[in-house]
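Trainee: Pasting a predicted model and its sequence here:
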Amino acid sequence: MMDVNEIREYLPHRYPFLLVDRVLELEKGASIVAIKNVTVNEPFFNGHFPDYPVMPGVLIVEAMAQAAGLLGFKTMDKTPQDGSIYYFVGADKLRFKRPVVPGDQLKLEATIVSERRGIWKFDVRSSVDGDTVSTATILCADRKV
């Protein structure tokens, strides 16, 4: 549904911090399904860990937050060019179930739980081949730049 060029219109992130490669499904006001292709060429694998590369958990959370941000921006019909930015402001009930390694395709899912005065709450999940990697409830704040 969205390729990386369209994703870049809605997210201010750029290499090496843009962590969403494609959006597969998006229902404004409801949910998103996106993917991050994990390759051995990712810069963080040089140090985490050289002999057993594992994607850092904080980057998995960031990837889920970016997918949620895309959902929020599309729902509001806004882009960063409109002077709006999404800040990641919190995570609750965060759990990790398995590591993510080079060659994995990380599926990112987010569902809107609520929105109140610019604070959005999302239930998020990431998985690889149907196996849950992580789950959380995250908060994002829509703010003017």
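Mentor: On my side now, so go ahead.
Trainee: How about the contacts made by Glu109?
Mentor: Glu109 makes contacts with 31-34, 67, 124-127, as judged by CB atoms under 8 Å, 6 or more residues apart in numbering. Just so you know, the C-beta spots here come from the backbone N, C-alpha and C atoms, and that holds for glycine as well.
Trainee: can you list those in CSV and add secondary structure and neighbour count?
Mentor: What follows is these, written out as CSV (DSSP: H, G, I helix; E, B strand; the rest coil; neighbours: other CB atoms under 10 Å):
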residue, secondary structure, neighbour count
Ser31, strand, 17
Ile32, strand, 28
Val33, strand, 18
Ala34, strand, 28
Ala67, helix, 31
Val124, strand, 25
Arg125, strand, 17
Ser126, strand, 27
Ser127, strand, 19
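Trainee: Can you tell me which of those lies closest to Met55?
Mentor: Ser126 (10.0 Å; CB to CB).
Trainee: what about the strands in the protein?
Mentor: 22-27, 31-37, 84-96, 105-116, 119-128, 131-144 (DSSP state E).
Trainee: how about TSV for the ones you listed, with mean pLDDT added?
Mentor: Below are the strands of the chain laid out as TSV (pLDDT from 0 to 100):
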stretch	mean pLDDT
strand 22-27	98
strand 31-37	98
strand 84-96	95
strand 105-116	98
strand 119-128	98
strand 131-144	96
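Trainee: For Asp3, find the nearest of those strands.
Mentor: It is, among the strands of the chain and with distance given as CB to CB, strand 22-27, at 6.2 Å.
Trainee: Identify whichever of the strands of the chain lies nearest to Thr75.
Mentor: Nearest of the strands of the chain (CB to CB): strand 105-116, 7.1 Å.
Trainee: tell me the angle the closest one makes with strand 22-27.
Mentor: 30 degrees (axes from the mean of the first three to the mean of the last three CA atoms, to 10 degrees).
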